[in-house]
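**Q** what follows is a predicted protein model with its sequence.
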Amino acid sequence: MHQKHPPAKIAVSKLMLIVLSDCFSGLIIQFQQTKTEKTAWK
């Protein structure tokens with residue numbers, strides 16, 4: 001099988017990386033917000 005275009009697996013893994021990093025940064029933002037809220041309560 002000769003493929004001129006890069007395999008779909010590469011595209012999927014790249015997409016998964018983007019989604020994962022997006023979710024991860026979202027989680028970090030949430031965590032920082034909770035930390036700030038907790039410190040504000042003190």
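**A** That came in fine, so what should we check first? Numbers count the residues shown, from 1 in each chain.
**Q** how close does Gln33 sit to Pro7?
**A** 39 Å (Cβ to Cβ, to the nearest Å). In short, each C-beta sits where N, CA and C put it, glycine included.
**Q** low-confidence ranges in the protein?
**A** By pLDDT under 70, the low-scoring segments of the chain are 1-3, 41-42.
**Q** where do the helices of this structure begin and end?
**A** Taking DSSP state H as the test, the helices found in the chain are 8-41.
**Q** tell me, what residue is most central in this protein?
**A** Ser21 (1.9 Å; Cα atoms, centre = their mean).
**Q** state the distance from that residue to Gln32.
**A** 16 Å.
**Q** now Ala40
**A** With Cβ to Cβ as the criterion, Ala40 and Gln32 are 12 Å apart.
**Q** more neighbours, these two?
**A** Gln32 (10 against 7; other Cβ atoms under 10 Å).
**Q** quick one, what contacts the more buried one?
**A** For Gln32, the contact set (Cβ atoms under 8 Å, 6 or more residues apart in numbering) is empty.
**Q** same check on Leu15?
**A** Contacts of Leu15 (Cβ under 8 Å, 6+ apart): none.
**Q** try Pro7
**A** Going by Cβ under 8 Å, 6+ apart, the list of residues near Pro7 is empty.
**Q** cool, and Lys14?
**A** Lys14 touches nothing, counting by Cβ under 8 Å, 6+ apart.
**Q** can you check Met16 too?
**A** No contacts exist for Met16 under Cβ under 8 Å, 6+ apart.
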